[in-house]
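Asker: The sequence and its predicted three-dimensional model are supplied below.
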Amino acid sequence: MIYAENILICIAIPLFVSLLFVRGEVRRYLAAFLFGMGVCLLAAYISSFLGDTVGMTENDTAVYLSPVVEELMKLLPLGFFTVMIAPKERRQTMLAVAVGAGFATFENCCYILTSGAENLGYILIRGFAVGVMHIMSILALSMWFLIAKRLKVFNFSSITVGVSIAMIFHGLYNLLVSKPGISTVLGFLMPPLTALLLYLLFRRLSRESVEE
Amino acid sequence: MRSVYDYIPTIICFIICVYILVSLYRTAIKEGRSLKLILFAFAVAGLLLSGLYWVAFDLLYPTERMPFAANEIAEWALFLSLAATLATMLTSSIKAAKWEIGFAILFMAANVALWIAWSGEWLQDIITGIVFGYFLINLVRLLKETEKESLTVPVRAVIALFCVMIVAANAATFFVPESLTARHDLAAYILLSIVEGYLMIRVILSLWKKSEPRVCVSLSFSLVAWSLIFMYMSAGMFYNIANICLSLSFLLSFFSLRREVRL
C-alpha cells in the first residue's frame, strides 16, 4: 500500500511554490500540470471505490474500470478550460498536454513506489508508453473539441463521442499490457504509433488551413 | 480455444474499417472537410476499436466472460456518432414522424427487455438502449422525410410487423417448453434474415441507380441499424453472418455519405 495523497503533497508543494514566481504561459502550464496530478489522485480513489463496490479484483479494476474513470476525470479540467475560460486554440492544446503530462507523471511516481525502479529498461518503456498514452488521449480529445467548435457541433453528443474514443484507446492499452507476452509489446507500441499518426494528421490539417 | 474461422467476420470488419478510415484521411477530410464524414469517421473508429478490444480480450482471457469494459462505451460512441451524422441531414420537425418515433421507442424498449433477460446486465443494456434508441429516432425521421423513394408506408408497415413478430418469437423462448425453443429461434432468424436481405438489395440498387444521396443514406443506415439488431439477437453462425452484414453495411453507408457530400 502507498500513501498516494502524501506523495502528491510532496511533489506538488515545490511546483505550487514555483507558481508564485513565474508568469504567463509557464504559470498556466504549471497550474494545468498540477490539475492533472490532482485528477489522477481522484481517479485512483474513484476507481478503487467503484471496484470495491462492484466486487472487482484490483487487477480487473485496473484493466476494465480505470480507463473509463481516468478519461472522465481528465475531461473535467479540459472541459473546464474549454467551456469556462474558452482559451485560444494553441493555448488549449498546451493546457491539454499539461494535464496529460501531470496525470502521467503522478501515475508513474505511484507505480515506481509500488513496483520498484530497479529495471531501467522497463522504466523507460513504461515512461514512454504511459506518458505518451495519457498525453495522446487528452491531446486527441482537445483537438476534437477544437474541430467541433469550429464546425459548431460542440455539444453533449460530440463530447461524449470524443471521450468514449479516448476511453476505448486507453482501455485497449491497459488490456494489452495486463498480461506478459506479445500483447504487452503491442500495448507499449500503441501510444508512440498513435502519436505519429496524430502528428501526421495535425501537420496535414495545419498545412491545409494555411493554404486556404 | 477459438479457431481462425471464428475471427473471419471480425477480420473482414477490420479491413473495411481501415479502408474507410484511410479513404477518409486521403480524400474526404481534405476535400470535403464535411461534418457528416468526420462524425461517420468517429463511428467507424468506435467500431474498429471495439472489435480490437473484443479480439484482444478473447485472446488474452479466453475462458472469462467480459465484464463492463471500455468497448461498451465505444459502442455507445458508435451509436451517438451515427445519430449525430443523421441529425445533420434532418430538415423537418420531430412531430412530423411522431408515430414512427413512438414505434421505434417501443421496439427499442422491447429489445432492452430481451437483452436484460438474456444477459442480466441492467445498467449497460439500458444505456445501450437509450443511445441506440436516439439513433433509431433520427433514422426513422430521415426515412419519413425520404419515404417516397426509400421505404414507403406499406413497406415500413411490413417491417414493423416483422419487428413485432421477431420480438414475440424471442420473448416466447422464455415461456415455451425447451423442445420448442429452437423453432422460435429459427423463426426469428428467418424473419431477421428476410429484412436484412431486403435492405441490402435496396441499398445496392439505390447506389447502382444513383438515387438521391439522402435516400441512399437513409437506406444504408437502416441496414446498419438492422444488422446491429440482428447481431444482438443472434448466436453462433447467425451472429457471424450478422457481423459480416454489419461490416458491409458500414461500407455501403460510407459510399452513400460520400455521395451526399459530393466527393
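Answerer: Perfect, thanks for sending it.
Asker: Would you mind listing what in chain B touches chain A?
Answerer: Neighbours of chain A within chain B, by Cβ under 8 Å from any Cβ of the partner chain: B:25, B:29-30, B:35, B:38-39, B:42, B:45-46, B:49-50, B:52-53, B:56-57, B:59-60, B:67-71, B:73-74, B:76-77, B:80-81, B:83-84, B:87. Using the backbone N, CA and C atoms, a C-beta is placed for each residue, glycine as well.
Asker: so of the residues you listed, which ones are in helices?
Answerer: Counting by DSSP state H, the part of the residues of chain B next to chain A found in helices is B:29-30, B:35, B:38-39, B:42, B:45-46, B:49-50, B:52-53, B:56-57, B:59-60, B:70-71, B:73-74, B:76-77, B:80-81, B:83-84, B:87.
Asker: For ChimeraX, write a command that selects the buried ones of the residues you listed.
Answerer: Selection of the buried residues among those in ChimeraX, burial being defined by 16 or more other Cβ atoms under 10 Å in any protein chain shown:
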select /B:29,35,38,39,42,45,46,49,50,52,53,56,57,70,71,73,74,76,77,80,81,83,84,87
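Asker: Where does residue 167 fall, secondary structure wise?
Answerer: Let's take chain A. Using DSSP states H and E, A:M167 sits within helix A:156-176.
Asker: if you could check chain B rather than the one you did, that'd help
Answerer: Using DSSP H and E, B:V167 sits in helix B:153-172.
Asker: which helices and strands does that helix pack with?
Answerer: helix B:98-119, helix B:178-208 (3 or more Cβ pairs under 8 Å, 6 or more residues apart in numbering or on different chains; DSSP states H and E).
Asker: gap between B:V131 and B:S253?
Answerer: For B:V131, the distance to B:S253 (Cβ to Cβ, to the nearest Å) stands at 18 Å.
Asker: which non-adjacent residue is nearest the residue in the stretch 1-150 of chain B that chain A sits nearest to?
Answerer: Closest to chain A within the stretch 1-150 of chain B is B:A70: 2.8 Å, counting by Cβ to the nearest Cβ. Closest residue in space to B:A70, ignoring its immediate chain neighbours: A:G171 at 2.8 Å, by Cβ to Cβ, 6 or more residues apart in numbering or on different chains.
Asker: tell me the contacts of the one you found?
Answerer: By Cβ atoms under 8 Å, 6 or more residues apart in numbering or on different chains, the contact set of A:G171 is A:V63, A:Y64, A:P67, A:V68, B:Y53, B:A69, B:A70, B:N71, B:I73.
Asker: now A:C109
Answerer: By Cβ under 8 Å, 6+ apart, A:C109 lies in contact with A:I7, A:I11.
Asker: now with 6 Å?
Answerer: By Cβ atoms under 6 Å, 6 or more residues apart in numbering or on different chains, the residues touching A:C109 are A:I7.
Asker: Would you list the phi and psi of it?
Answerer: The phi/psi pair for A:C109 (degrees, to the nearest 10) reads phi -60, psi -50.
Asker: do the same with B:V176
Answerer: The phi/psi pair for B:V176 (degrees, to the nearest 10) reads phi -80, psi 160.
Asker: So what's the residue count around it?
Answerer: 13 (other Cβ atoms under 10 Å in any protein chain shown).
Asker: what does B:G197 give?
Answerer: B:G197 has 11 nearby residues by other Cβ under 10 Å.
Asker: Tell me which other helices or strands the helix or strand bottoming out on mean pLDDT in chain A touches.
Answerer: Taking mean pLDDT, DSSP states H and E as the measure, the helix or strand of chain A with the lowest value is helix A:182-211, at a mean of 79. In terms of contacts (3 or more Cβ pairs under 6 Å, 6 or more residues apart in numbering or on different chains; DSSP states H and E), helix A:182-211 is packed against helix A:120-150, helix A:156-176.
Asker: other SSEs contacting the longest one?
Answerer: Which is helix A:120-150. Contacts defined by 3+ Cβ pairs under 6 Å, 6+ apart place helix A:120-150 against helix A:89-115, helix A:156-176, helix A:182-211.
Asker: relative to helix B:35-60, how tilted is the last one?
Answerer: What that stands for is helix A:182-211. Relative orientation of helix A:182-211 and helix B:35-60, computed by axes from the mean of the first three to the mean of the last three Cα atoms, to 10 degrees: 170 degrees.
Asker: next one: the second one
Answerer: Helix A:156-176 runs at 20 degrees relative to helix B:35-60, counting by the same axes, to 10 degrees.
Asker: where's helix A:156-176 relative to the chain centroid, distance-wise?
Answerer: 12 Å (Cα atoms, centre = their mean, to the nearest Å).
Asker: CA atoms of it as PDB?
Answerer: Extracted in PDB, the C-alpha atoms of helix A:156-176 (Å, rounded to 0.1, in the frame of the first residue of the first chain):
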ATOM      1  CA  PHE A 156     -23.200  16.700 -25.500                       C
ATOM      2  CA  SER A 157     -23.000  14.200 -28.300                       C
ATOM      3  CA  SER A 158     -19.700  15.300 -29.700                       C
ATOM      4  CA  ILE A 159     -18.100  15.500 -26.200                       C
ATOM      5  CA  THR A 160     -19.400  12.000 -25.300                       C
ATOM      6  CA  VAL A 161     -18.200  10.600 -28.600                       C
ATOM      7  CA  GLY A 162     -14.700  12.100 -28.100                       C
ATOM      8  CA  VAL A 163     -14.400  10.900 -24.500                       C
ATOM      9  CA  SER A 164     -15.600   7.400 -25.500                       C
ATOM     10  CA  ILE A 165     -12.900   7.100 -28.200                       C
ATOM     11  CA  ALA A 166     -10.300   8.200 -25.600                       C
ATOM     12  CA  MET A 167     -11.700   5.600 -23.200                       C
ATOM     13  CA  ILE A 168     -11.500   2.700 -25.600                       C
ATOM     14  CA  PHE A 169      -8.000   3.700 -26.700                       C
ATOM     15  CA  HIS A 170      -6.900   3.800 -23.000                       C
ATOM     16  CA  GLY A 171      -8.800   0.600 -22.200                       C
ATOM     17  CA  LEU A 172      -7.200  -1.300 -25.100                       C
ATOM     18  CA  TYR A 173      -3.800  -0.200 -23.900                       C
ATOM     19  CA  ASN A 174      -4.500  -1.400 -20.300                       C
ATOM     20  CA  LEU A 175      -5.900  -4.700 -21.600                       C
ATOM     21  CA  LEU A 176      -2.900  -5.400 -23.800                       C
END
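Asker: picking that back up, out of the helices and strands packed on helix A:120-150, which is the most enclosed?
Answerer: helix A:156-176 (a mean of 23; mean count of other Cβ atoms under 10 Å in any protein chain shown).
Asker: At the contact with chain B, which residues of chain A appear?
Answerer: A:64, A:67-68, A:151, A:157, A:160-161, A:164-165, A:167-168, A:171-172, A:175-176, A:179, A:183 (Cβ under 6 Å from any Cβ of the partner chain).
Asker: Show me the shaky parts of the chain.
Answerer: Assuming you mean chain A. Regions of chain A meeting the criterion pLDDT under 70 cover residues A:1, A:205-212.
Asker: you looked at the wrong chain, it should be chain B
Answerer: Scanning chain B for pLDDT under 70 picks out B:1-2, B:27-33, B:262-263.
Asker: What residues does residue 92 make contact with?
Answerer: Reading this off chain A. Contact partners of A:Q92, counting by Cβ under 6 Å, 6+ apart, are A:S142.
Asker: right idea, wrong chain: chain B
Answerer: The neighbours of B:S92, taking Cβ under 6 Å, 6+ apart as the test, are B:E145.
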